[in-house]
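[1] one predicted model, sequence on top.
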Amino acid sequence: MRVNLAALVIISAIICSGCANFGAGEKARTLNQLLSQEKFEGVIAECNKALQKKPDDADMLAYRGLAQLKSNKPQLARADLQNAIALNPDQGWFYCGLADAYLECNQDKEALESYTKADKLLPNSPRTPAILSGMAVAHLHLDDAKQALVTINESLKLEPKQKYSYQTRALAYIDLFEYDKAIADATKSIALDDKNVGVYVTRAEAHFLAGHIEEAITDCHT
């Protein structure tokens, strides 16, 4: 099953990158602030200026990649983040961004590899729940609902208020024919964010497969 990532995470289209800060120093603080304000074109412009002076600045390539990803340009994001990693292969957040870009480019095996690398470079990090959540989405795309369920459970143990992760788990339960559990998780996700259109579709699917036709129609109307 291919999950609708726009509905799931991506999130702000980015699982791993979310609201976290990256890098260090005054320039990084400025770029983090622009990202948090969703001024993605501003981030790209600032990075372009810096890269004109120093084309091999891995951090600026990575920041530009994040902004490209949030601007729905995953191929450009992938290229920037790959180049950043080639210059500095030890930055875990580079791999987070690259994994998210791979998911958007339907390169699920590569996404899983990048999330795994990020997890190794960022042990016991505040980003770990998001990394695990991204891994779960990749496992779903690779038709491994059982492993997706294991991984998303680990993520939710660490951070129980991840609204999109409950939708991910609901989709895994649908693949495993556990429709009541899928409905319960979709309902949890709605309680955390009732403006997420995709989760109503997920719950409608679970209701429909469970034989709850009226409930499915209601969710579709919503």
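    Noted; the coordinates are in hand.

[2] how far is stretch 76-90 from where the chain is centred?
    18 Å (Cα atoms, centre = their mean, to the nearest Å).

[3] before we move on, what about stretch 215-222?
    That offset, for stretch 215-222, works out to 26 Å (Cα atoms, centre = their mean).

[4] equivalent analysis for stretch 49-60, please.
    That offset, for stretch 49-60, works out to 26 Å (Cα atoms, centre = their mean).

[5] end to end, how far does it reach?
    Stretch 49-60 has an end-to-end distance of 10 Å (Cα to Cα, to the nearest Å).

[6] one more: stretch 122-129?
    Start-to-end, stretch 122-129 (Cα to Cα) is 11 Å.

[7] list the buried residues of stretch 60-78.
    Neighbour counts over stretch 60-78 (16 or more other Cβ atoms under 10 Å) mark 60-71, 73-74, 76-78 as buried. For glycine as for every other residue, the C-beta is placed from the backbone atoms N, C-alpha and C.

[8] first to last residue in that stretch, what's the distance?
    Stretch 60-78: ends 14 Å apart by Cα to Cα.

[9] other residues contacting that stretch?
    Contact with stretch 60-78 is made by 12-14, 17, 22-23, 28, 31, 35, 38, 40-41, 43-44, 46-48, 50-51, 54, 79-81, 83-84, 87, 91, 93-94, 97-98, 100-102, 104-105, as judged by Cβ atoms under 8 Å, 6 or more residues apart in numbering.

[10] please pick the buried ones from those residues.
    Using 16+ other Cβ under 10 Å, the buried ones in the contacts of stretch 60-78 are 13-14, 17, 22-23, 31, 35, 40, 43-44, 46-47, 50-51, 79-81, 83-84, 91, 93-94, 97-98, 100-102, 104.

[11] the residues you listed in helices, which ones?
    31, 35, 40, 43-44, 46-47, 50-51, 79-81, 83-84, 93-94, 97-98, 100-102, 104 (DSSP state H).

[12] for stretch 184-191, what is the distance to the chain centroid?
    18 Å.

[13] these two touch, right, residue 204 and residue 216?
    Yes. Under the criterion of Cβ atoms under 8 Å, residue 204 makes contact with residue 216 at 4.5 Å.

[14] what backbone torsions are found at residue 55?
    phi -60, psi -20 (degrees, to the nearest 10).

[15] from residue 84, how far off is it?
    According to Cβ to Cβ, to the nearest Å, residue 55 stands 12 Å off from residue 84.

[16] tell me, what's touching those two both at once?
    With Cβ under 8 Å, 6+ apart, residue 55 and residue 84 have no common neighbours.

[17] and for the helix or strand where residue 169 lies, what are the contacting residues?
    In the assignment (DSSP states H and E), residue 169 maps to helix 163-175. With contacts defined as Cβ under 8 Å, 6+ apart, helix 163-175 is touched by 1, 3, 7-9, 11, 15, 129, 133, 136-137, 140, 143, 145, 148-149, 152-153, 155-156, 159, 179, 181-183, 185-186, 188-189, 192-193, 196, 198-199, 202-203, 205-206, 209.
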